[in-house]
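Visitor: I would like to see how this sequence folds:
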Amino acid sequence: MTNTVSKLEDAAPLVDVRQLRIAFGEGEKRVEVVHGIDFHIARGECVAIVGESGSGKTVTARSLIGLTGAGAVVTADEIAVGGRSIMALNNKQWRELRGVEVGLVLQDALVSFDPLRTVGKEISEPLELHKTVPSAEIEEKVIELLRQVGVPEPELRMNQYSHQLSGGLRQRALIASAIAANPALIIADEPTTALDVTVQAQVLELLAARKRENTGILLISHDLAVVSQVADRVYVMRYGEFVEDGPTAEVLNNPQHEYTKALLAADPVEHAKGTRLSIQVGETLVQPRAEISSDVVLSATNLVKSFGDRTVVHGVSFDLHRGETIGIVGESGSGKSTTARMALALDEPDSGNVSLDGCPWSGIPERQRLARRPRMQVIYQDPLSSFDPRYSVSQLLGETLARIDHPRSDRKARKLELLDLVGLTSSMLERQPLQMSGGQRQRVAIARALSMRPEIIVCDEAVSALDVSIQAQVLDLLADLQAEFTMSYLFISHHLGVVRHVSDRVLVMKDGWVVEQGDVDDVFEHPQHQYTQELLAAIPRISSVAEAAAAPQQRRTAS
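Guide: This is a model prediction of the structure:
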């Protein structure tokens, strides 16, 4: 190994970044996305950079491992790891740095792992590359690492492929790979965004354990509640600049910048149903609520569904009333999405039945459902995968309007009306999905669902992949539309804070069973089942540490 990237010296500051600038493109087309920022990380410290997609937080983190991407121009007064400059490393030196000096944990372990290699081979790669343990001891070390991050039956799991593991086990295995060579710094880029609340808590505890062992951590996140669980200091990033920074407790308990305040206000865990999360000038905090009628629009009775010899849904029943939102919560594999698919008549139950407006909905030929299909629509987590990428917004909406025989002469006006309903302008009509932000795509997905004039919308993890502020806008939009059109929602999510904010009643599912159900406030405030209690205990909440916030600490804000 070269002197440039020799093992980090304990006496040196871990990370020192001064006047970092990152740009893409050349000449007049060059666009600067990070504008002269400073930050530092000490050993045994977790520093978080928070902000929305496009704020520059991920590319900032990647500048520490030379992975800012093709065409990136990185300049700085200094970028140092362990007291040594890393600004002029060649490709060989970068490879020597990654893994042994700096470990990386990404959001999606399924994408991070090679699907053709076993988990054990993936974890052993940095050990083999950097020769940190003798070859004869690598297998034993891999088992030890898997056990260290809480993977059960490590001898079995190491010989499995990533697709054979649950999301939580994959993420733990990815952390094992990141810490295999015992790096002094771990970069965790949105490591818990797509995880169930209990698995999220386990991953955060793993990161906290590494911190206690004197590892420095750079946590990239848009979720201030997650940040509050593990970070010592936080930098709030917007449009490539830090607008506020300081000790985590102080920034979260006493925010100074309006953007930080907006991020905190968008947290659904801290706000009851009927409270607006995304406040614009002139808006009120109180949100109109739909009147719930006695009319049952969707009824499920004793639904059972098996795949092969495995039963994934056991006797689920519910009645959804007009204007009501029922939330269904549970971890991955609990059966909540399968229940939603049976409600949509995309899967037929093995037994039990579903009725729509009092008429049979399951157990009948599809031709008998076609005329009623527009009454029930669905919004998925990832609209990009449910859109034809070649279609413009105008074509996407036009397709559904043609489906319900909307007069051709009035379709342009109806498209504009739909875009206006979801807060988008006519300029969106000619855009394709890849030309829009995640929040814009989700609004188009809602507009497409509304084009059918539905009575019911099934929201299947509809906001799980969104930044907290964009999530707030979408949740507010759904509430406004429900109040205006008295629609009913079946809201499927692993995010308990979101479910409490939007729902009137809730079903808690585990291993295909409904273990608890009732009024959402009753269930959340007085959970009866141990599993519900465990889920609620695992919800990350923004810590209120008054004494820490009151202590004299250095912090900066930008106007």
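
Visitor: going forward, measure contacts and count neighbours with C-alpha atoms only.
Guide: OK.

Visitor: apart from its neighbours in sequence, what residue is nearest Q440?
Guide: L424 (7.7 Å; CA to CA, 6 or more residues apart in numbering).

Visitor: per-residue pLDDT, that neighbour?
Guide: The model reports L424 with a pLDDT of 88.

Visitor: phi, psi for it please.
Guide: phi -120, psi 160 (degrees, to the nearest 10).

Visitor: could you pull out the helices in the stretch 301-450 of the chain for me?
Guide: 336-343, 366-369, 383-386, 393-403, 411-421, 438-450 (DSSP state H, counting those that start in this stretch).

Visitor: which of those sits closest to Q287?
Guide: Of all those, it is helix 411-421 that lies closest to Q287, at 16.1 Å by CA to CA.

Visitor: for the residue nearest to Q440, give its distance to V393.
Guide: Going from L424 to V393 by CA to CA, to the nearest Å gives 11 Å.

Visitor: who's more crowded, the two?
Guide: Between L424 and V393, V393 has the larger neighbour count (other CA atoms under 10 Å), namely 28 against 17.

Visitor: so the more buried one touches Q432, yeah?
Guide: Yes - here V393 reaches Q432: they are 6.1 Å apart, a contact under CA atoms under 8 Å.

Visitor: now for R408: which residues touch it?
Guide: Contacts for R408 were tallied using CA atoms under 8 Å, 6 or more residues apart in numbering; they are A402.

Visitor: so what pLDDT did it get?
Guide: On the pLDDT scale, R408 is placed at 90.

Visitor: measure it to R157 for me?
Guide: 57 Å.

Visitor: cool, L67 as well?
Guide: As judged by CA to CA, L67 and R157 stand 30 Å apart.

Visitor: where does pLDDT dip in the stretch 1-150 of the chain?
Guide: For the stretch 1-150 of the chain, residues meeting the criterion pLDDT under 70 lie at 1-12, 108-111.

Visitor: how about the strands in it?
Guide: 15-24, 31-41, 46-50, 72-75, 78-81, 84-85, 102-105 (DSSP state E, counting those that start in this stretch).

Visitor: middle-most residue in this protein, spatially?
Guide: T193 (3.3 Å; CA atoms, centre = their mean).

Visitor: now for it: which residues touch it?
Guide: So T193 contacts Q107, S464, A465 (CA under 8 Å, 6+ apart).

Visitor: whichever of the residues you listed end up buried, select them in ChimeraX.
Guide: Applying 16 or more other CA atoms under 10 Å to the contacts of T193, the buried members can be selected in ChimeraX as follows:
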select :107,464
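
Visitor: is it true that T486 touches H321?
Guide: No - counting by CA under 8 Å, T486 does not reach H321; the two are 10.1 Å apart.

Visitor: give me the common contacts of these two.
Guide: The contact lists of T486 and H321 share I292, where a contact means CA under 8 Å, 6+ apart.

Visitor: distance between the ends of stretch 326-338?
Guide: 16 Å.

Visitor: how about it: buried residues?
Guide: In stretch 326-338, counting by 16+ other CA under 10 Å, buried: I326, G327, I328, V329, G330, E331, S332, S334, G335, K336, S337, T338.

Visitor: quick one: those residues as a markdown table, columns for distance to V508 and pLDDT too.
Guide: Shown next, in a markdown table, are these (distance: CA to CA, whole Å; pLDDT from 0 to 100):
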| residue | distance to V508 | pLDDT |
| --- | --- | --- |
| I326 | 11 | 98 |
| G327 | 8 | 97 |
| I328 | 6 | 96 |
| V329 | 5 | 94 |
| G330 | 6 | 90 |
| E331 | 9 | 84 |
| S332 | 12 | 79 |
| S334 | 9 | 89 |
| G335 | 10 | 91 |
| K336 | 9 | 92 |
| S337 | 13 | 89 |
| T338 | 14 | 93 |
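
Visitor: just those now: which is nearest A201?
Guide: Nearest to A201 among the buried residues of stretch 326-338, with distances taken as CA to CA, is E331, at 12.6 Å.

Visitor: so what's E52 up against?
Guide: E52 neighbours (CA under 8 Å, 6+ apart): H222, M237, R238, D467, V468, S469.

Visitor: show the buried residues in these.
Guide: H222, M237, R238, D467, V468, S469.

Visitor: would TSV of those residues with distance to P13, secondary structure and pLDDT be doable?
Guide: Putting these into TSV (distance: CA to CA, whole Å; DSSP: H, G, I helix; E, B strand; the rest coil; pLDDT from 0 to 100) gives the following:
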residue	distance to P13	secondary structure	pLDDT
H222	26	coil	83
M237	23	strand	95
R238	26	strand	94
D467	32	coil	79
V468	33	helix	82
S469	34	helix	81
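
Visitor: between these, which is nearest L20?
Guide: M237 (13.4 Å).

Visitor: OK, contacts around the residue nearest to the closest one when sequence neighbours are not counted?
Guide: Nearest residue to M237, sequence neighbours excluded (CA to CA, 6+ apart): G51, at 5.0 Å. The neighbourhood of G51, defined by CA under 8 Å, 6+ apart, consists of K57, S221, H222, V236, M237, R238.

Visitor: the second one against I49, yeah?
Guide: Yes - here S221 lies in contact with I49, judged by CA under 8 Å, at a distance of 6.5 Å.

Visitor: before we move on, the earlier item: point out the most buried one among the strands of the stretch 1-150 of the chain.
Guide: Among these, strand 46-50 has the highest mean neighbour count (mean count of other CA atoms under 10 Å), at a mean of 27.

Visitor: direction included, what does that strand pair against?
Guide: strand 216-221 (parallel), strand 233-238 (parallel) (DSSP bridges).

Visitor: against the centre of the protein, work out the most remote residue.
Guide: Relative to the centre of the chain, the most outlying C-alpha is that of S409, 40.7 Å out, by CA atoms, centre = their mean.

Visitor: any idea how far A402 is from that one?
Guide: 11 Å.

Visitor: next one: R30
Guide: Distance of R30 to A402, computed by CA to CA: 43 Å.

Visitor: for E155, grab the count of nearby residues.
Guide: Residues lying near E155 (other CA under 10 Å) number 17.

Visitor: do E137 as well
Guide: Residue neighbour count, defined by other CA under 10 Å, stands at 10 for E137.

Visitor: check the one 3 residues further on too.
Guide: Taking other CA under 10 Å as the neighbour definition, E140 ends up with a count of 10.

Visitor: equivalent analysis for the one 10 residues further on, please.
Guide: The number of residues packed near G150 is 17, by other CA under 10 Å.

Visitor: is it true that it touches Q171?
Guide: No - using CA under 8 Å, G150 makes no contact with Q171, being 10.8 Å away.

Visitor: need the buried ones among the contacts of E52 in JSON lines (columns: distance to I292).
Guide: Listed next are the buried ones among the contacts of E52 as JSON lines, based on distance: CA to CA, whole Å:
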{"residue": "H222", "distance to I292": "34"}
{"residue": "M237", "distance to I292": "41"}
{"residue": "R238", "distance to I292": "40"}
{"residue": "D467", "distance to I292": "30"}
{"residue": "V468", "distance to I292": "28"}
{"residue": "S469", "distance to I292": "28"}
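
Visitor: most packed of the strands paired with strand 46-50?
Guide: The most buried stretch of these, if neighbours are counted by mean count of other CA under 10 Å, is strand 216-221, with a mean of 26.

Visitor: what residues does that strand touch?
Guide: Contacts of strand 216-221 (CA under 8 Å, 6+ apart): 14, 41-51, 57-58, 61, 184-190, 207, 210-211, 227, 231.

Visitor: again, 6 Å this time
Guide: 43-50, 185-190 (CA atoms under 6 Å, 6 or more residues apart in numbering).

Visitor: got the phi/psi numbers for the closest residue to L535 other than its chain neighbours?
Guide: Spatial nearest neighbour of L535, excluding adjacent residues (CA to CA, 6+ apart): T198 at 6.3 Å. In terms of degrees, to the nearest 10, the main-chain angles of T198 are phi -70, psi -40.
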